[in-house]
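In: fold the following and give me the result.
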Amino acid sequence: MDKELNLNIDQFTVSPFFSVISFHKVVDSLKEITKEKDAPYRAVYAQSLIEEVNKVPELYTGVTSKKTIYQNLDLIHNLLADLFPTALTYNEIKAVSLPFQNFNFNFTKRFQQIINDAGEEFEINIRDFTNDQYYIFSCCLILNTHYGENFDLTRPLFYDIPDKNGVNRHYRIVYNGDFCELIPTENAVTITKEDIQLLKNSFDDVEIWKQKFPNHSWILKGFGILTLFDVTIENTISNIKTNLLKAGQENMSVSIAQDIFKSIFKIKDIGFGVFFVNNDSRTFIDLPAKVEFPSVFNLYNKKVSKEVIGAATQFFKELDQKEEYYCVTDIKQLYHHKEWIPYLDYLQSRNIQSFILAPIRKNDGFQAYIELYSATPYALHTINANKLNDVMPLLNDTFERYHNDVKNEIDAIIQREYTTIHPSVNWKFEEEAQKLFYAKNVKDQNVLKQIEFEGIFPLYGETDIQGSSGFRNKAMLADLKKQLKEILNILEFVKPFEEELLFDQRIHEVIYFQNQLKKNQFVAEAQINRYIVDNFHPLIKKLSEKEQYKKIIQKYKEQIDPKTERFLNQRKKYDIAIQSINKNLSDIIDEEQAIIQKVYPHYFDRFRTDGIEHNLFIGASIAPKQVFDVIYLYNLRLWQIQVMCKMVVSHQRVKEKLSFDMQLTSLIIVYNEAVSIKFRMDEKRFDVEGNNDIRYEILKKRLAKATIKDSTERLVQANKLVIVYLNDLEKTEYLNYIQYLQIQNYFTSEIEEITIEDLQDITNLKALRLTINTTFDLAHFKFFSYSDYIKYYTTT
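Out: So this is what the prediction gives:
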């Protein structure tokens, strides 16, 4: 305190003002009162105050030290009695201050109590108000007062002060400067119209303001009256708008949310969360959000018993009937609902004693809830629940937007994963959709035109899993054999205790089926599965009623897939292997596609089968705003070879983790003629158009199982790339690419030149076949552009 007494009253060392606290205007008004003859008691009181002020002349001439203020607080209080009525001291939040500074005194009783509750450690400061802002605001005061300008200084200023419970309250600051005057010193700079125009364009450049209003170049003499208004609720709503409704940011931080609801309810230990419940099943669901609020009521992905989950489902079925807030003042009051008890016990274990659940507007698919809870019974109740009334409309609007975002995300996933409208051609669909939309607005008759792209060049590639059907059949056979073996074990275990004739018959039937599988598995498979479902499963259903058979039957049931009633262990491993391979291949080509699209936009689609097929189409009609050159086609062809090699190399790392030793085959079809593609409205996909172009589609379908001429050897082989071409011009082009990539270590063997066995309606097909270097280090895998290729040949 002694340190503080010696400080100058100016809070800011750098300021256009030299502050002098003076009560000269109040004293001058008292002098006028002494002249009143119709109210002698007022004159006498005013005279006595003047005599006291004369003993401390600085109170009139000007005080620059806090010490003088603190030593004369009682006198100052009496001087300002008319401005600080005793009758209002417990209602108003007022003090003497200087504009924009935090040196305050002569507090009303209510203001003093607020300061005391905040604690000795608390230092009062204006929220988000910097030294530079103070300087510029002070200069604006000079311009308005001395130069007759009208700079708007109505930006709201706030104090954030904690109450005795540590909950922040928010107060708006209002200054009354009627008792202040501004006096220029000899250092004051005369401000011209040009200066004012410059300042109006320089709010962010405080140095310009400091040039025009040097440090301590003006005297601020007098005092101001600071009045605070408690705007906690209004400020809280504003915070929600700022943090919750900001465009593109549907979530506020957890700490901000906690502080907001603490301020509204004045409860220090209040908890807050958001959770979602499925509209139909009344079970908890998880929706992606930028900030996950730690909901206590939500059981999604939490390790709790089935009893607790079932009780929660019953609880929210009841809650679904209530449109207003669900308030529980004491959780113990709910225990008469026997079916809720496991869930109520769970909530009590999280120290929830009173709570409010506020339903947010229901949307398609889910219902959102705001949860507020306290560890204190009766802390939350039906009366203070009404404080949510001002907040809930904002939350409803926010979650309506969130629901729309969820729907848009789902629509985007559907478009990305289930349709073939590629971004490169999306402009054409938008163009036609806009025409239809505008036609509807003017009540014009219009229909959607067919989307067609003419004169484009096709590229086709296929990366297939070699012998995938054989792997699938082996997996299914292994599962069926295992299931029959387990059935036989059960029958032999039960036979000594049951009717011998029946079980002898069943055992002979199972052994017969086991032998059938060895002879003709495909014919026997469907028959055996039907037998198991129709004959054996009804039998074990009866047997499982007996205690002595439960263990062995339960072991069997644990291995059955509930939908198909089959053993699917090996089949599931097969499916996982296919999915893993396809995902790896898709990820590679999608990632590389995003890069190559930047060179020149082109249409791309891919299909997952037992491997990945892809189509590429490039040409001027797909990107009419860009200049097309055949170089872009050559670049894409070179890229296609490289990306298919990368897929095979990457697969070598993936297959080590799979249950099956699966290899990949690779096929490219070269087609040098431009084609047209049209979007089929009925099938929602692009297709090649025109009789001549259909030959290209026939090629794709018939080459999959093609063989080498005069041989049974399949055209496609593991870890080899086959490039099928139609003429010598195509052959020469691709031979150049291959020889260049051989130098780059993409391939390991000599080029095979192959004639393909004639196909239906297609003859004289030729191919190049070469082995991919599967030992290539992916970390050093580099893509070479057509420019790299040209540069290499021109320099060597």
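
In: and the average pLDDT for stretch 753-772 is what?
Out: Mean per-residue pLDDT for stretch 753-772: 90.

In: pull the CA atoms of that stretch into PDB?
Out: Backbone C-alpha positions of stretch 753-772 (Å, rounded to 0.1, in the frame of the first residue of the first chain) are rendered in PDB as follows:
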ATOM      1  CA  GLU A 753       6.400 -58.700 -77.200                       C
ATOM      2  CA  ILE A 754       3.300 -60.900 -77.200                       C
ATOM      3  CA  THR A 755       0.500 -61.800 -79.700                       C
ATOM      4  CA  ILE A 756      -2.800 -62.300 -78.000                       C
ATOM      5  CA  GLU A 757      -5.100 -65.200 -78.900                       C
ATOM      6  CA  ASP A 758      -8.000 -64.000 -81.000                       C
ATOM      7  CA  LEU A 759     -11.100 -62.900 -79.000                       C
ATOM      8  CA  GLN A 760     -14.700 -62.800 -80.100                       C
ATOM      9  CA  ASP A 761     -14.900 -60.100 -82.800                       C
ATOM     10  CA  ILE A 762     -11.400 -58.900 -82.000                       C
ATOM     11  CA  THR A 763      -8.200 -60.100 -83.700                       C
ATOM     12  CA  ASN A 764      -4.600 -59.300 -84.200                       C
ATOM     13  CA  LEU A 765      -4.100 -57.700 -80.800                       C
ATOM     14  CA  LYS A 766      -0.500 -57.200 -79.600                       C
ATOM     15  CA  ALA A 767       0.900 -56.500 -76.100                       C
ATOM     16  CA  LEU A 768       4.100 -55.600 -74.300                       C
ATOM     17  CA  ARG A 769       4.800 -57.400 -71.000                       C
ATOM     18  CA  LEU A 770       7.500 -56.600 -68.500                       C
ATOM     19  CA  THR A 771       8.300 -57.400 -64.800                       C
ATOM     20  CA  ILE A 772       7.800 -54.700 -62.200                       C
END
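
In: which other residues reach that stretch?
Out: Applying CB atoms under 8 Å, 6 or more residues apart in numbering, the contact partners of stretch 753-772 are 645, 648-649, 666, 695, 698-699, 702-703, 706-711, 715, 717, 719-726, 731, 734-735, 738, 742, 746-752. All C-beta spots, glycine's among them, are computed from the backbone N, C-alpha and C.

In: buried ones in that stretch?
Out: Going by neighbour count (16 or more other CB atoms under 10 Å), the buried part of stretch 753-772 is 754, 756, 759, 765, 766, 767, 768, 769, 770, 771, 772.

In: residue 347 contacts residue 296, doesn't it?
Out: Yes. Under the criterion of CB atoms under 8 Å, residue 347 lies in contact with residue 296, with a separation of 7.1 Å.

In: going by distance to residue 109, which of the buried residues of stretch 753-772 wins?
Out: Within the buried residues of stretch 753-772, the smallest distance to residue 109 is 87.2 Å, found for residue 772 (CB to CB).

In: all helices for the stretch 301-450 of the chain, in order.
Out: If you assign secondary structure with DSSP state H, counting those that start in this stretch, the helices in the stretch 301-450 of the chain sit at 306-319, 341-349, 392-418, 423-441.

In: tell me the angle of the first one relative to helix 341-349?
Out: So the one you mean is helix 306-319. Here the directions of helix 306-319 and helix 341-349 differ by 100 degrees (axes from the mean of the first three to the mean of the last three CA atoms, to 10 degrees).

In: which members of the contacts of stretch 753-772 are positioned in strands?
Out: In strands, defined here by DSSP state E, the members of these are 666, 720, 721, 722, 723, 724, 725, 752.

In: distance of the third one relative to residue 607?
Out: Read it as residue 721. The span separating residue 721 from residue 607 equals 19 Å under the rule CB to CB, to the nearest Å.

In: what's the answer for residue 475, then?
Out: From residue 475 over to residue 607 the distance is 23 Å, taken as CB to CB.

In: residue contacts, residue 471?
Out: Here residue 471 is in contact with 465, 574, 577, 660, 662 (criterion: CB under 8 Å, 6+ apart).

In: assign residue 194 to helix, strand or coil.
Out: At residue 194, secondary structure determined by DSSP: H, G, I helix; E, B strand; the rest coil is helix.

In: what's the neighbour count on it?
Out: Residues within reach of residue 194, counting by other CB atoms under 10 Å, total 8.

In: what's the pLDDT at it?
Out: pLDDT, residue 194: 93.

In: follow-up on the earlier one: could you export the contacts of residue 471 as a markdown table, including pLDDT?
Out: A markdown table is the format used below for the contacts of residue 471 (pLDDT from 0 to 100):
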| residue | pLDDT |
| --- | --- |
| 465 | 92 |
| 574 | 92 |
| 577 | 92 |
| 660 | 88 |
| 662 | 92 |
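
In: of the buried residues of stretch 753-772, which belong to strands?
Out: Taking DSSP E, the ones among these that sit in strands are 754, 766, 767, 768, 769, 770, 771.
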